[in-house]
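Asker: Next come a sequence and a model predicted from it.
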Amino acid sequence: MDTQTTGECMVWPGHRIFCGSNAFPIIFPLLSPVEAEEIIASFHVMDHPAASVTRLEILKARLGRPAKTESNLDTSTKMWQTLLVHSRFARYTSPTSLRDDLLGIMANIYWTFQPKGIFPADLPCELDKNAAETFHHLLCLNTLDALRAGRSVYPEADVYPSVTLADCEQCLATLLFHTKEKRREVFGTLAVVLGPLISLYEYEAKRPL
């Protein structure tokens with residue numbers, strides 16, 4: 001993915017997680033020690049009061065899901081990617097690690113966007129090129145948004161240039177343009193899903209300094 005449109009240095013904290021051999025197919029990295037500790041401790045938790053099963057039971061069901069598409073990826077890769085992506089879904093985080101939080105954000109975005117048709121019912125590592133690019137654009141947008149909102153929270157944020165509202169707006173525009181050009185069938189849905197963020201940016205742009 002070409003990150004020049006949003007400033008390569010600015011999005012590097014997120015892009016570095018999924019660059020090189022992890023970019024396509026999209027490969028989620030191993031858990032950090034903090035992630036592993038928090039996830040293991042929450043296996044018995046139900047995600048909301050109406051849930052009938054625990055996170056561990058949901059994860060077991062995901063591991064046993066039937067194959068949705070033909071893929072060149074071997075079974076073991078799909079299995080550990082299922083573990084690494086789904087275990088991060090609905091993870092309750094303390095915002096202390098930008099890397100860990102971005103991985104949690106992207107796992108949540110992926111699974112919550114699936115029922116809306118923005119991503120297919122497959123793993124991130126099974127996405128085609130256009131859908132994978134949508135994932136990377138969303139990663140860049142959420143990296144910029146996290147850095148803009150949390151520079152006082154994430155210790156590593158100080159080594160990167162300050163992110164402005166205009167940077168986030170440009171990244172959002174790039175995401176929408178790419179989707180309209182390459183994935184027109186999901187453009188309308190994505191625009192609706194991102195509506196609250198678009199409205200927030202518009203409100204902040206009009207707000208007196």
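Answerer: In hand now; what should we look at?

Asker: what about E204, neighbour count?
Answerer: Neighbour count of E204, defined by other CB atoms under 10 Å: 11. Any C-beta I mention is one placed from the backbone N, CA and C, and that applies to glycine too.

Asker: Just the C-alpha atoms of the helix or strand encompassing it, please, in CSV.
Answerer: Using DSSP states H and E, E204 sits within helix 195-206. Written as CSV, here are the backbone C-alpha positions of helix 195-206 (Å, rounded to 0.1, in the frame of the first residue of the first chain):
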residue,chain,number,x,y,z
GLY,A,195,-20.7,8.6,9.3
PRO,A,196,-20.2,9.5,13.0
LEU,A,197,-16.5,9.9,12.4
ILE,A,198,-17.1,12.1,9.4
SER,A,199,-19.6,14.2,11.4
LEU,A,200,-17.0,14.5,14.3
TYR,A,201,-14.3,15.7,11.9
GLU,A,202,-16.7,18.2,10.3
TYR,A,203,-17.7,19.5,13.8
GLU,A,204,-14.1,19.9,14.9
ALA,A,205,-13.2,21.7,11.7
LYS,A,206,-15.9,24.3,12.3
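
Asker: Report the distance from that helix to the chain centre.
Answerer: Helix 195-206 has its C-alpha centroid displaced from the chain centroid by 20 Å (CA atoms, centre = their mean, to the nearest Å).

Asker: for that helix, packing partners?
Answerer: On a contact count with 3 or more CB pairs under 8 Å, 6 or more residues apart in numbering; DSSP states H and E, helix 195-206 meets helix 165-182.

Asker: Now the helix it packs on: buried residues?
Answerer: Within helix 165-182, the residues scored as buried using 16 or more other CB atoms under 10 Å are 167-172, 174-176, 178-179.
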